[in-house]
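# Provided below for reference: sequence and predicted model.
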Amino acid sequence: RDRSVSRGLGDVYKRQALDDKRLASTLSLAPSILLLQPSTIEDKIGFLSENFNIPKSEIKRIVLHGPRVLVNDNETILKKVKYYRITLGLNSKQFNKVFRLNPAILGLRHDFVKSKIDFYMQKFGFSIEQISKIFKRFPAIVNYPIKNIEKKIDLLTGEFGLSIEKIGKNMLISPSIFAFNPQTILKRRQFYINTFGISKEQFNKIFYKLPTIFNLSEELILEKANFYEKQFGLTRKEFVRCFLNSPSILELNIDSVSQKAEFYKKAFGLDDNEFKTLLLRDMSMLDRNLENGENRIDQILALGFDKNDIISSPKILTIPSRNLILRYAICMNEGMTKKFFLGRNAYFFSEQKLYARYQFEKESQIKINNILQHEDAFSKRYGVSTDELMKLYPLSSKKEIEIIDTFFKNNNIVANYDAENGELQ
């Protein structure tokens, strides 16, 4: 039997730094490439490099993950590129990036890809723009057979209690959840349960908040947990408490966390124990970008908040300056105390809702016992929804400035409000 073709093929691939084991794996994905002449493969490598701006040094990865592209003639490849670009609205730069992430897409048939796009649009109500967004982040989303996708959807709805709508929202954030097989997903959940002593229900809530949690390796998870415990003197039980409240802390860069911790301690004059107390109440502030951090701290202090307020209600550090200023000004102008504002988490109530409810109270002359009460209770008691009130009493830019000016005057605050940037000057 003539082995010159397969020997030549192996030589070409080994020049791309592939060992025998990797070569065997690649051949299992597309056995028909054994029929290709070495010169054909070399020409294809040159074609891909030239048309998709891919250095030949990257061909190794392309051969490993998408060998079928070598079987297609150049005209067919260009037709597939055109299909993706037109269907998903990709420019050449975006497609080249996607191809680098998942070279296997050029080995897929048009009807196979179209069936995936149609499935996602029908199942989750996605627009083609949303499909394009998902595809650019995780192009392998078109690789999986629909039966496999349906099995994972059944797992997420059954074991994790997610609705189809929530799964769709999670896909927009972290479509890579479909890269894991059901056994891996369940195994990873069991790891969290065993390591941190949490229940299935608690983990499901974490996954609901942080759909990217399956992207983290077990080694990295343990490294992050040990870091937080050692850096801030937390017990494992205390860390788990923080993790349940703010699961995104597992995704944060360790060096960045240390930097933010030092910044907050210095800005508010906190010692290690006070900062630990703050973290135990809410660790999500470590997830905030420190860009213009000093200016933001100045904004908070200028409103009359002090160190004790930050320790008791650290979540105000997560509210954008403009929103915090307006929400606090509206409430204080209407007679709310700072203690009540912080204690009842009024800073989470949107300024539009607060303004609309207070205006309704004034104009209807109906005393609202609790301006912050839940929407269902409010609409049932007063016969009108807050959404309806916001249409009746819109919060204009002009009104915002009036509210801020009144607040400054009543509290002897010497500052100017920059309405465009939502900051105190």
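Structure received. Numbering: from 1, shown residues only.
# who are the neighbours in contact with residue 344?
residue 372 (Cβ atoms under 8 Å, 6 or more residues apart in numbering). C-beta here means a position set from N, CA and C on the backbone, and glycine is covered the same way.
# Return the distance of it relative to residue 42.
For residue 344, the distance to residue 42 equals 71 Å [Cβ to Cβ, to the nearest Å].
# again, but for residue 374
According to Cβ to Cβ, residue 374 stands 68 Å off from residue 42.
# now do residue 382
For residue 382, the distance to residue 42 - Cβ to Cβ - is 76 Å.
# Who has more neighbours out of the two?
Higher neighbour count among residue 382 and residue 42: residue 382, with 17 against 13, using other Cβ atoms under 10 Å.
# In this structure that one contacts residue 370, no?
No - with contact defined as Cβ atoms under 8 Å, residue 382 does not reach residue 370; the gap is 11.3 Å.
# For residue 48, grab the count of nearby residues.
Residues near residue 48, counting by other Cβ under 10 Å: 24.
# Surely it is within a helix?
Yes - assignment of residue 48 by DSSP: H, G, I helix; E, B strand; the rest coil places it within a helix.
# residues of stretch 401-413 that come out buried?
Using 16 or more other Cβ atoms under 10 Å as the burial criterion, the residues of stretch 401-413 that qualify are 403-404, 407-408.
# Present those as TSV; the columns should include pLDDT.
Converted to TSV, those look like this (pLDDT from 0 to 100):
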residue	pLDDT
403	93
404	90
407	92
408	89
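# contacting residues for the most centrally placed residue in the chain?
Centroid-nearest residue in the chain, with Cα atoms, centre = their mean: residue 173, separated by 4.8 Å. Residues near residue 173 by Cβ under 8 Å, 6+ apart: 211-212.
# Distance check, it against residue 370.
According to Cβ to Cβ, residue 173 stands 34 Å off from residue 370.
# ok, now residue 43?
75 Å.
# Also residue 352?
18 Å.
# ok, the two, which is more surrounded?
The neighbour count for residue 352 versus residue 370, taken as other Cβ under 10 Å, is higher for residue 352 (18 against 11).
# Confirm the more buried one sits in a helix?
Yes - counting by three-state DSSP, residue 352 is found in a helix.
# isn't it right next to residue 391, touching?
No - applying Cβ under 8 Å as the test, residue 352 and residue 391 come out as separate, 10.2 Å apart.
# any weak-confidence spans in the stretch 51-200 of the chain?
Within the stretch 51-200 of the chain, the ranges that satisfy pLDDT under 70 run 59-61, 63-65.
# tell me which element the closest residue in space to residue 133 that isn't next to it in sequence is part of?
With sequence-adjacent residues excluded and distances taken as Cβ to Cβ, 6 or more residues apart in numbering, residue 133 is closest to residue 172, at 6.8 Å. Element membership of residue 172 [criterion: DSSP states H and E] is helix 164-173.
# Do a quick rundown of the strands in this structure.
Per DSSP state E, the chain carries strands over the ranges 417-418, 423-424.
# among these, where is the model least confident on average?
Mean pLDDT is lowest for strand 423-424 among those, at a mean of 65.
# who touches the residue nearest to residue 133 in this structure?
Each residue near residue 172 by Cβ under 8 Å, 6+ apart is listed here: 130, 133-134.
# Among the residues you listed, which one has the most neighbours?
Counting by other Cβ under 10 Å, top hit in those: residue 134 with 23 neighbours.
# in terms of contact, does it touch residue 177 like I think?
No - shown here, residue 134 and residue 177 do not form a contact pair, counting by Cβ under 8 Å, at 11.3 Å.
# Give me the common contacts of these two.
The contact lists of residue 134 and residue 177 share residue 171, where a contact means Cβ under 8 Å, 6+ apart.
# Now find how far off-centre stretch 96-109 is within its chain.
Put simply, stretch 96-109 sits 24 Å off its chain's centre (Cα atoms, centre = their mean, to the nearest Å).
# Name all residues that make contact with the closest residue to residue 163 other than its chain neighbours.
With sequence-adjacent residues excluded and distances taken as Cβ to Cβ, 6+ apart, residue 163 is closest to residue 157, at 7.2 Å. The neighbourhood of residue 157, defined by Cβ under 8 Å, 6+ apart, consists of 163-164, 167.
# what about residue 157, distance to residue 282?
31 Å.
# again with residue 257
In terms of Cβ to Cβ, residue 257 sits 14 Å off from residue 282.
# cool, residue 411 as well?
As judged by Cβ to Cβ, residue 411 and residue 282 stand 26 Å apart.
# Am I right that residue 379 is in contact with residue 373?
No - the pair residue 379 / residue 373 is not scored as a contact, 9.9 Å apart, by Cβ under 8 Å.
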